[in-house]
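>>> Coordinates only, no sequence provided:
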């Protein structure tokens, strides 16, 4: 079965049909830049462009980089325009996509669901935390395979700042940090999260997971196992499609 998945990020909007039997993209993904400012209307237009690129006319699952309640309402907007807050995203995207059935889920939660089903978290019990390092830091927390939705652990305070302002992939670029310098910040963040949740496993996702060999070996002092996401930066697309299939 194929369902279309779209992953909305602070810098890019990417999507593709997903083969839910294999847990992988059925076609090469298409990406457009996230408009700046990332207003509801601008982002919805970007989503339309991605979906219409494939001529898709079926259900669409979408991720959003913030808290999503009731499968529709946006409650936070840290890395997109603040006008998203209290927007009914399901209604907005459904209208822009010509009435196609849509579902909306937190981006890290979607990535986590995909990794737990098809990737690095498969068959893992206990507490597992996926962290996506990109424009910000997203989080998905699982206890014995069950998702604790909308955790947003990237906004924990670290050294007097939001953690994602110090340890996201964007922060590494903005501050021109070496991999060693950034790894020290990531390590301090992981130690803080570990102190709070005592997970058995950290899964590191987001685009930077493709370069895990450059920084994961530099992280020390964390008791939990740390592994890169197996679906890498496609996890959000796959998870969005999975969520849409569940709600058909």
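Received the coordinates, thanks. Treat the numbers as computed from the prediction; the structure is a model and nothing was measured. Residues are numbered from 1 along each chain as shown.

>>> How many neighbouring residues does residue 160 have?
6 (other Cβ atoms under 10 Å). C-beta here means a position set from N, CA and C on the backbone, and glycine is covered the same way.

>>> ok, the residue nearest to residue 88 when sequence neighbours are not counted - contacts?
Of all residues not flanking residue 88 in the chain, residue 72 sits nearest, at 5.2 Å (Cβ to Cβ, 6 or more residues apart in numbering). By Cβ atoms under 8 Å, 6 or more residues apart in numbering, the residues touching residue 72 are 88, 89, 90, 91, 104.

>>> The last one sits in which helix or strand?
Using DSSP states H and E, the element containing residue 104 is strand 102-106.

>>> can you list the residues that contact that strand?
With Cβ under 8 Å, 6+ apart, strand 102-106 has contacts from 59-68, 71-72, 89-90, 93-94, 138, 140, 149-150, 239-240, 243-244, 247.

>>> Put the buried members of the residues you listed into a ChimeraX selection.
Entered in ChimeraX, the line below selects the buried ones among the contacts of strand 102-106, by 16 or more other Cβ atoms under 10 Å:
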select :59,60,61,62,63,64,65,66,67,68,72,89,90,93,94,138,140,149,150,239,240,243,244
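
>>> Keep only those of the contacts of strand 102-106 that are in helices.
Those of those mapping onto helices are 89, 90, 93, 94, 239, 240, 243, 244, per DSSP state H.

>>> Turn those into TSV, including distance to residue 9 and pLDDT.
Shown next, in TSV, are those (distance: Cβ to Cβ, whole Å; pLDDT from 0 to 100):
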residue	distance to residue 9	pLDDT
89	15	98
90	19	97
93	15	98
94	21	97
239	13	98
240	12	98
243	17	95
244	18	94
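
>>> nearest to residue 114, of these?
residue 239 (3.8 Å; Cβ to Cβ).

>>> Quick one: neighbours of residue 191, just the number.
For residue 191, using other Cβ under 10 Å, the count is 16.

>>> and it, helix, strand or coil?
helix (DSSP: H, G, I helix; E, B strand; the rest coil).

>>> That one against residue 221, yeah?
Yes - with contact defined as Cβ atoms under 8 Å, residue 191 counts as touching residue 221 (6.3 Å).

>>> Next up, the contacts around residue 13.
6, 7, 31, 32, 33, 34, 43, 46, 47, 50.

>>> Please repeat the previous calculation with a cut-off of 10 Å.
In this structure, residue 13 makes contact with 6-7, 30-35, 38, 42-50, 62-63, judged by Cβ atoms under 10 Å, 6 or more residues apart in numbering.
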